[in-house]
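Colleague: Next one to model:
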Amino acid sequence: MKTILLTGATGFLGSHLLEALLLHNYDVIITKRTMSDTWRINHLLHKVNVYNTDVDSINKIFTNNSVDVIIHMATLYRKFDNGQEVKEMVESNVSFPVELLEAAVRHGVKGFINSGTFFEYDCSVLPVNENAKLKPFNLYAKTKLSFETILATYSDLLNIMTLRLFSPYGEKDNLKLIPMVIQKALSNERIELSDGLQKLDFIYAADITDAYIRALARMNEQHEANYKVYNIGSGACVSVREVVSIIEQQLGKTIDKYWGMPSKVDIPIAFADIAQAETDLGWFPSHNIHDGIEKTIEFYKKGLSHVD
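Modeller: Numbers count the residues shown, from 1 in each chain. Coordinates of the predicted model:
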């Protein structure tokens, strides 16, 4: 299984995975839109085949290439619903990957690795394992779960996995908590936060990338069609206050910050049971929160960030 079709390669995690796939000598095809911002992968574009999905048909990709495995990382993410993007979110998170699935079956693709989110789970019982009750947190999670429901029905035709990611962070990230705090701290800006007691399972980008590489290796070993879900997290939770403290330690200075009121909408605590990924994929994160934040800070110190 040497030829990989990767969606979402221009995004935060997709860009990390693209680099890893090329380092592991996979032949990679990527999909994007004509107007996609490619700043994260400009140095890699000459090494891959590129198809613009707003110009090229999905069928064209499979007609012109013999694809072994699809890794689906493209997504339209909004943490909070505004009611204005329902159609666009359904098209991006449900319709597009279903088209890929149908094309995969018609063209003899062997495997499909999907990307899910811990927002799909009811996180009231900890640690959260793959058999936890499903209770989507927002429309984004509902669309991801809708696709996974369809995906599971193809398990007699393809070898399928979903990697449910917990809270990713790292170099080239979008402006989420960790990169936001780092960048504002580096520019000496005041940071306003909630009470900081929320605890999440932060997982470093390189560890997530390693999980996908190991999932591919698993598919090479296991040829029968099936469907498995794996949690990809650190297996521990860290509070927002602890994250800020670690960044202060790494930078050697106190951050100008304001702790506000508790969030009424966020999941208060979540962390993953990752035993299944360790058993089946031989995967376990190799970076703790201190290691990952240190590497992330070094990236942003170089001024290489780009606001999405």
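
Colleague: Tell me which stretches of the protein form helices.
Modeller: Assigned helices in the chain, in chain order: 12-23, 58-64, 86-90, 96-106, 139-152, 177-186, 205-221, 240-251, 275-281, 289-301 (criterion: DSSP state H).

Colleague: Low-confidence regions, the protein specifically.
Modeller: The chain contains residues with pLDDT under 70 at 1, 223, 304-308.

Colleague: one more time with 80, if that's ok
Modeller: Along the chain, the model assigns pLDDT under 80 to residues 1, 79-84, 222-225, 303-308.

Colleague: How about Asp210, nearest residue that isn't a chain neighbour?
Modeller: Excluding its sequence neighbours, the residue lying closest to Asp210 (C-beta to C-beta, 6 or more residues apart in numbering) is Trp283, at 6.4 Å. C-beta: built from backbone N, CA, C; applies to glycine.

Colleague: can the helices of the chain go into a markdown table with extra columns for mean neighbour count and distance to Pro268?
Modeller: Shown next, in a markdown table, are the helices of the chain (neighbours: other C-beta atoms under 10 Å; distance: least, C-beta to C-beta, whole Å):
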| stretch | mean neighbour count | distance to Pro268 |
| --- | --- | --- |
| helix 12-23 | 21 | 25 |
| helix 58-64 | 15 | 40 |
| helix 86-90 | 14 | 25 |
| helix 96-106 | 18 | 31 |
| helix 139-152 | 19 | 17 |
| helix 177-186 | 20 | 15 |
| helix 205-221 | 20 | 23 |
| helix 240-251 | 18 | 11 |
| helix 275-281 | 17 | 23 |
| helix 289-301 | 17 | 19 |
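
Colleague: and of the ones you listed, who's closest to Ile29?
Modeller: helix 58-64 (6.5 Å; C-beta to C-beta).

Colleague: how about the CA coordinates for the closest one, as CSV?
Modeller: Output of helix 58-64 as CSV, limited to C-alpha atoms (Å, rounded to 0.1, in the frame of the first residue of the first chain):
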residue,chain,number,x,y,z
ILE,A,58,-13.2,13.0,-7.7
ASN,A,59,-13.5,10.3,-10.3
LYS,A,60,-10.6,11.9,-12.2
ILE,A,61,-8.3,11.3,-9.2
PHE,A,62,-9.0,7.6,-9.2
THR,A,63,-9.0,7.2,-12.9
ASN,A,64,-5.6,8.7,-13.2
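
Colleague: Can you name every helix or strand that that helix contacts?
Modeller: helix 96-106 (3 or more C-beta pairs under 8 Å, 6 or more residues apart in numbering; DSSP states H and E).

Colleague: Of all the helices of the chain, which one is nearest Lys133?
Modeller: helix 139-152 (12.0 Å).

Colleague: what angle do the closest one and helix 96-106 make?
Modeller: Per axes from the mean of the first three to the mean of the last three C-alpha atoms, to 10 degrees, the angle that helix 139-152 makes with helix 96-106 is 10 degrees.

Colleague: could you dump helix 139-152 to PDB, C-alpha only?
Modeller: This file holds the C-alpha atoms of helix 139-152, laid out as PDB (Å, rounded to 0.1, in the frame of the first residue of the first chain):
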ATOM      1  CA  LEU A 139     -22.900  20.500  14.800                       C
ATOM      2  CA  TYR A 140     -19.300  19.700  13.800                       C
ATOM      3  CA  ALA A 141     -19.300  16.600  15.900                       C
ATOM      4  CA  LYS A 142     -22.700  15.600  14.600                       C
ATOM      5  CA  THR A 143     -21.600  15.800  11.000                       C
ATOM      6  CA  LYS A 144     -18.400  13.800  11.800                       C
ATOM      7  CA  LEU A 145     -20.500  11.100  13.600                       C
ATOM      8  CA  SER A 146     -23.000  11.100  10.700                       C
ATOM      9  CA  PHE A 147     -20.200  10.300   8.300                       C
ATOM     10  CA  GLU A 148     -18.800   7.600  10.600                       C
ATOM     11  CA  THR A 149     -22.200   5.900  10.700                       C
ATOM     12  CA  ILE A 150     -22.100   5.700   6.900                       C
ATOM     13  CA  LEU A 151     -18.500   4.700   6.900                       C
ATOM     14  CA  ALA A 152     -19.200   1.700   9.100                       C
END
